[in-house]
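K.L.:
Provided below for reference: sequence and predicted model.
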Amino acid sequence: MTSKKTVAAMLILMLVVVPAFLYWLNASYWFGVAGTMMVFAILAVSANLITGTTGLLSLGHAGFYGIGAYTAAMTATAWHWPFYLTIPAAGLAAAAVGILLALPIMRLVGIYFAVATLAVGEIIHVTLLNWVDFTHGPMGISGIPGIALAGVFKSGNLANYFAGAGLLIATVFAVHRLTHSYYGNALRSLREDDQCAQAMGLKVVRIKTEAFAFSCFFAGVAGALWAHTTQYISPGDFRFSESILILAMVVVGGLGSIPGALIGALLLVGLPEVLRPFGDYRMIGVGLVMFLCILFLPRGICGEVSAMALARKHLNAAWKPSQQLGWR
Amino acid sequence: MMETDFLIQQLINGISIGLVYALMAIGFTLIFGVLNVVNFAHGEIYMLGAFVGLLLITTFAPPLFVVIIFVLAFGAVMGLALDRVAFRPFRRFRDEASMKSKAIREATLLSSLALSIVIREGVEKIFGSNMQVVPQDYLLISPVQIGSFSFASGQFLIFGLSMAMLVGLQLLLFKTHIGRSIRAVASNPAGAMYVGIHTENVIMATFAVGSMLGASAGIVVGLYQGAVFPAMGFAPGIKAFVAMVMGGLHSIPGAVICALILGIAETFTTSYLAQGWGDLVAYAFLLLTLIFFPTGIFGAARERV
Amino acid sequence: MLRRTVNEFLAIGLCAFASLASAQNEIAVGYQLPLTGDNSQYGTLFKNSADMALEQFNASGKLPGTKVVIKYEDSKSDAKEGVNIARKFSDDAHILGVIGDFNSTVSMAAGQIYAEQHVPQLSQSASHPDFLKISDWQFRNITTMAVESPFIAKWMAQNNLKHYAVIGIQNDWGQSSVKNFSEEAATLGNEVVDTEFFNPGNRDFRSILTKVARSKPDAIVLFMFYEEAASFLQQRAQMNVQTVVYGGSPLYEPKLLQLAGPAANGLMMPSTFVAQSADASVKAYVEGYRQRYGSEPSMFAAQAYDATNIMLDAIVAAGPEPTRAKVRDALAATHDYPGVTGVTTFDPITREVTKQLNRMIVSDGAYKVIQ
C-alpha cells in the first residue's frame, strides 16, 4: 500500500522533474535511455502480472511484444492510423493472439506451461521472420511515423517521453487496481495452490486466461510504443533472449510486486548503459550483477512480502503480524 | 533419387539432428530429475567441453578416445563447480515457506542463467565469437556410403554414444547403490534425508555425472559439425529443454524419443516447406503433445503441489 | 540501500557525460560496430582495419595540429543498442561523422537518429536497398547485391549453367541477394529450380542438401556468410554432392579455407578486394595487416579500411573548420577515391557506389583470380 503523498511525489518526479532535467541536458541519448526504460518498465509490469502475481512462468512474452509492435507498425504505415489508434489496436491484437494461442495451454501447470509459452513465443518469432510477404520478414518495417498530432505537437524527444510516461502511468494504475482487489487475491491464490483454489470454487482456467490476456494487452502496448519511438522494427528485436531479459527484470526486482518490476526494468536497462566505459567486459558485468542480486536477495530487491514489510515500517500502521499476502 | 530413397535419407538426417539434441537432453534431464530446477548453464558446460577438447587436440593431438576421457573428467569438475556456485547457495532455504516459494525456484533458474551469461561472455572475450578451426583429421565427417544413403562417421559415433549413455544411466540408476540414492533424492529429498542418505553428496554426484555427459556431448557434436563457437550451447539447449518437458520431466528415454521427434519434424519441414519453418513445426508438435498429454508423453500424473 | 545505488548510478552517468563535455579540442569519428554478441568476429576485423588506417592518417600529417580519434561503441548487432549509441554519438559535439554499423538492421535503426540529428553516417557493409533512402546523411562504400547478384548470374550463364539451386540466409542481405539473382537469371533465360532460405544460426544443411540434390541443378549458389558456408561445403563433401558451387563476396574470407579445408576447393565467388593484387596500396595494406595482426585481411576488413580512410579524407576536405554539414558535403563529393577495394565514387543522386568485381576461385587451398 502506498500513501497518497508517495504517489504524488512519484508523479511529479516523472512528469515534471525528469523531463525538465533531460530537456536542460539537451542530450537525446538520455532521452533515448529513458524511453527504453519506459518500454521495458511496461513490459516488466505486464510480465509481473502473469509470472509474479498469478505464478505462471511465461517464457514467451517477447512474442506478444512483437505482435504489438508489428500491428502498430503495419497499421501506421499501410493505413496511416495515428498513434492514439495504433496503440490500443496493438494491445488488442496482442491480447487476441494471446487468448487464441493460450486457450489450448491454459490447463497446463508449472514448467509445462512455461515450455508451452516458450514454444508460443518462438512460433511468433519464426512467423515474423519467415512470412516475408506479410511482415517483410528480416527486412523489417521502416519509416514508422512518430508520435505526433497534426497541428498540436510534433514528434520528438519530449513527445516520445510524455507518451511513454503516460502509458507507463496508465499501465501501472491498471495493474495496481487489478492486483489490489479481490480479483488480485484470486490470482494470488492461483499462484499459491491452484488445486485448492479450484476446490474453493474459483474458475481457474477462466481466470488464468483473463490474466494472460491482460498481460498480453500491456505487452502489445509496449510494443506499439517501441515501434513509434524507434521508427524501425525487425524480427530480431523479439527473440527468446528478450523474453529472458524481461523475466530477469521481474525476478531481480521481485516477483509479485509492481515497484519491483519497475526497479528491475530500470536496473537491467540502465546497467549496460552505465557500464559502457567498461567496453567488452560490460555484459560480463551485467551477468555478475544479476547473479549477485539473486544470490543475496533471492526474493528480489523488492519482493512482495518485503514490500509489505517496507510499507509497514514506513507507515507505522497498525498491521497484523508478518506473513500476510494479498490485499485487504 | 526415388521418392522413398529421398524420404529415408531425410529420415536419417532428421534422426542425426535429433540425436544431437538427445545427447544434451540426457544430462539435462538427469539434473532436473534430481533437483527439480532447470540448469540453464548446461549448454555452457556443453560448450566448455567442446572448447577444452579442442584445446587438447590442438596442443597435444592425442587419439580421440583420450580426448573424450579427458573431457569427461573436465565435465565432472565443471559440474561440481557449477553446483557449488549457482545452486548450493539456494539450498540454505530449508524452511517450508521457502521450499514452496515460486520466487526461490525462479531465482535458482535465473542464477544459472546469469552464470551462463558470464561464462559465455568470458569465453567470447578470450577466444572471440567466431568458429574455431578444427584440425581436419579430427573432423568426424568421413563419408560412409551404405547403398544409396550417405552417412557420416560422426553420426555413428553420436548414435553409439547416446545408446551408451542411455544404457549406462539406466544401469547406474537401477542397479547400483548410488543410483538408488539418486532416485530416492529425486523422489523426495526430505524423505531421503530422514532415512540417512547423504543428500548433499548425492546431489554433487548427479551434477558430476550430468555435466560429464553434457561436456562429452559438446566435444563429439563439435567435431561432427565442425563448428565450435561460444554460442553453440544455446540453441540445442532450448531444444533439449523442450524435449525433456515433452517426454515427461523425469523420463530419460522419453526425453531421447522426443528429441528424435523434434529432429525428424525439423527435417521433414525442410523437405516439404522451408528450413525456416522447421522450428515452428517442432514447437507446434510440442504444443500438440502437451494438449493431449498435459504432463508429457511419459510423464507421471500431476504431483500434489 | 536502494536509494544509494540509484544515486551512484546517477553520479556515474553524470560524470561520464561531464568528462565527455570537457575533453580537449580534438576531432572525433564515431564507430559503431559489433564487438560482442553475434557478428563480433566482423567487429574485430573492422576495429583492426580502422586502427591501422587511423594510425597511418595521424602519422601522415594531412591535418597538422589536430589529432583525430575514433570512438568505438559496441552495438552487439542489436538495434536497441545501435539506437542508444546513435543518440550518444549525436550528442557528442566532437564527433563529426560516424562509421557503422555491420548489418543493415542496426544501421537503419541508428540511421533514423543520424538523419534527424544531421550526422553523416558511412556504413562499410550495410546493403539493404532502403538504407540510403533514409536521408541525405547516409552513405555506404559497398556495392549492393543489386550489382553483385546480376554479376554472378551473368558469370554462370557464360559458363553454360542453366538450372540453379539458390540457398540464402534469412536476413535482409540474403533476401535482396536472392531476389536480384533470380530476376537477372530469369532475364537471361535461365531457371532457378529451387530456392531455400534457412534461419540464421543453422549449422546442419544435410536436409537442404538432400532436397536440393533431388532437383538436379547445374549449380548451387550460396548467399550466406563464411561460417555457414564452411559447414555447408563440408557436409556437401560428406554427402557426395558433386554440383559446382558459387557464392557471394562474403565468402572471400581466409578463415573459410581454414574451416572448410579441402571441401572448399572449386568454390567460386566475385570480390572487389583481392589480397594478391599487384596494386601498391593493396600490397601495403595486406602486408601491414599481416604484420600487425598475424592474419590475412578479408573483403570486410578491406571495406572497413576504405571506409575509415574515406571518412578521414572527407574531414580533411571539409576545410580548416569542419562541421558535420561540411563533412557530409565532402563525403558526397568523394570522387575516384583509390581504395583497396577499388576506385570509389559516390553517385551524385543516389550516393551508391559501383566498383569492379573480380572473379575468384578456391583452388589448392588458396584464392585465385580467374577470367
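P.N.:
On my side now, so go ahead.
K.L.:
the closest residue to residue C:305 other than its chain neighbours is in what secondary structure piece?
P.N.:
Nearest residue to residue C:305, sequence neighbours excluded (Cβ to Cβ, 6 or more residues apart in numbering or on different chains): residue C:49, at 3.9 Å. For every residue, glycine as well, the C-beta is placed using N, CA and C. Element membership of residue C:49 [criterion: DSSP states H and E] is helix C:40-60.
K.L.:
how far does the helix or strand following that helix sit from the chain's center?
P.N.:
Of the helices and strands lying after helix C:40-60 in sequence (DSSP H and E), the nearest is strand C:68-74. Here strand C:68-74 is found 18 Å from its chain centre; the criterion is Cα atoms, centre = their mean, to the nearest Å.
K.L.:
how about the residues of the stretch 51-200 of chain C near chain A?
P.N.:
Applying Cβ under 8 Å from any Cβ of the partner chain, one finds that the stretch 51-200 of chain C approaches chain A through C:73-74, C:76, C:78-81, C:83-84, C:87-88, C:90-91, C:105, C:108-109, C:112-113, C:117, C:128, C:130, C:134, C:170-172, C:174-176, C:197, C:199.
K.L.:
what is the three-state secondary structure of residue C:368?
P.N.:
Recorded secondary structure, residue C:368: strand (DSSP: H, G, I helix; E, B strand; the rest coil).
K.L.:
I'd say it and residue C:358 touch.
P.N.:
No: taking contacts as Cβ atoms under 8 Å, residue C:368 lies outside contact range of residue C:358: 10.4 Å.
K.L.:
which stretches in the stretch 101-250 of chain A count as strands?
P.N.:
For the stretch 101-250 of chain A, the strands defined by DSSP state E, counting those that start in this stretch cover A:141-142, A:232-233.
K.L.:
quick check: which element contains residue B:193?
P.N.:
helix B:189-194.
K.L.:
how about residue C:269?
P.N.:
strand C:268-271.
K.L.:
closest residue of the stretch 201-350 of chain C to chain A?
P.N.:
Using Cβ to the nearest Cβ, the single residue of the stretch 201-350 of chain C nearest to chain A is residue C:201, 10.3 Å away.
K.L.:
that residue: what's its closest spatial neighbour, skipping adjacent residues?
P.N.:
Closest to residue C:201 by Cβ to Cβ, 6+ apart is residue B:235, at 6.0 Å.
K.L.:
what about that neighbour, how many neighbours?
P.N.:
17 (other Cβ atoms under 10 Å in any protein chain shown).
K.L.:
assign it to helix, strand or coil.
P.N.:
helix.
K.L.:
so how far is residue A:263 from residue C:197?
P.N.:
42 Å (Cβ to Cβ, to the nearest Å).
K.L.:
residues contacting residue C:57?
P.N.:
C:63, C:68, C:309, C:312 (Cβ atoms under 8 Å, 6 or more residues apart in numbering or on different chains).
K.L.:
rewinding a little: now the angle from the helix holding residue C:49 to strand C:68-74?
P.N.:
170 degrees (axes from the mean of the first three to the mean of the last three Cα atoms, to 10 degrees).
K.L.:
could you pull out the helices in the stretch 1-150 of chain C for me?
P.N.:
Counting by DSSP state H, counting those that start in this stretch, the stretch 1-150 of chain C has these helices, from start to end: C:2-21, C:40-60, C:79-91, C:104-117, C:145-158.
K.L.:
what does the host helix or strand of residue A:295 rub up against?
P.N.:
Per DSSP H and E: residue A:295 is located in helix A:282-296. Under the contact criterion Cβ under 8 Å, 6+ apart, helix A:282-296 has outside partners A:248, A:251-252, A:267-268, A:271-272, A:275-276, A:278, A:301, B:86, B:89, B:107, B:110-111, B:113-115, B:117-118, B:121-122, B:125, C:36-37, C:74, C:76.
K.L.:
residue 172: neighbour count?
P.N.:
Answering for chain A, as no chain was given. Neighbour count for residue A:172, taken as other Cβ under 10 Å: 20.
K.L.:
actually, chain C is the one I wanted.
P.N.:
24.
K.L.:
wait, isn't it in contact with residue C:128?
P.N.:
Yes: contact criterion Cβ under 8 Å: residue C:172 and residue C:128 qualify, at 4.9 Å.
K.L.:
and the longest helix belonging to chain A, what's buried?
P.N.:
Assignment by DSSP state H gives helix A:204-230 as the longest helix of chain A. Of all the residues in helix A:204-230, those buried under the rule 16 or more other Cβ atoms under 10 Å in any protein chain shown are A:204, A:207-230.
K.L.:
which bits of the stretch 51-200 of chain A sit near chain C?
P.N.:
A:126, A:129, A:130, A:132, A:137, A:138, A:139, A:140, A:142.
K.L.:
make TSV out of the residues you listed and add neighbour count, distance to chain B and pLDDT.
P.N.:
Formatted as TSV, those follow (neighbours: other Cβ atoms under 10 Å in any protein chain shown; distance: Cβ to the nearest Cβ, whole Å; pLDDT from 0 to 100):
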residue	neighbour count	distance to chain B	pLDDT
A:126	22	5	91
A:129	25	7	90
A:130	22	4	89
A:132	14	9	85
A:137	22	9	84
A:138	28	10	84
A:139	21	14	80
A:140	26	16	82
A:142	23	22	80
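K.L.:
is any part of stretch B:183-196 close to chain A?
P.N.:
No: figure legend: stretch B:183-196 not in contact with chain A (Cβ under 8 Å from any Cβ); closest approach 15.0 Å.
K.L.:
quick check: mean pLDDT of that stretch?
P.N.:
Here stretch B:183-196 scores 85 as its mean pLDDT.
K.L.:
just the pLDDT at the residue of the stretch 201-350 of chain C closest to chain A, thanks.
P.N.:
82.
K.L.:
same question for the one 4 residues further on.
P.N.:
Reading off the per-residue confidence, residue C:205 sits at a pLDDT of 90.
K.L.:
what about it, how many residues nearby?
P.N.:
As a burial measure, residue C:205 scores 27 neighbours (other Cβ under 10 Å).
K.L.:
swap in residue C:195?
P.N.:
17.
K.L.:
tell me the secondary structure at it.
P.N.:
Classified using three-state DSSP, residue C:195 is strand.
K.L.:
which non-adjacent residue is nearest it?
P.N.:
Nearest residue to residue C:195, sequence neighbours excluded (Cβ to Cβ, 6+ apart): residue C:166, at 4.9 Å.
K.L.:
the one you found looks like it's in a strand, true?
P.N.:
Yes: assessed by three-state DSSP, residue C:166 belongs to a strand.
K.L.:
correct me if wrong: it contacts residue C:196.
P.N.:
Yes: contact criterion Cβ under 8 Å: residue C:166 and residue C:196 qualify, at 7.2 Å.
K.L.:
which one of those two has more residues nearby?
P.N.:
residue C:166 (25 against 21).
K.L.:
for the more buried one, list the residues it contacts.
P.N.:
C:178, C:181, C:182, C:192, C:194, C:195, C:196, C:220, C:221, C:223.
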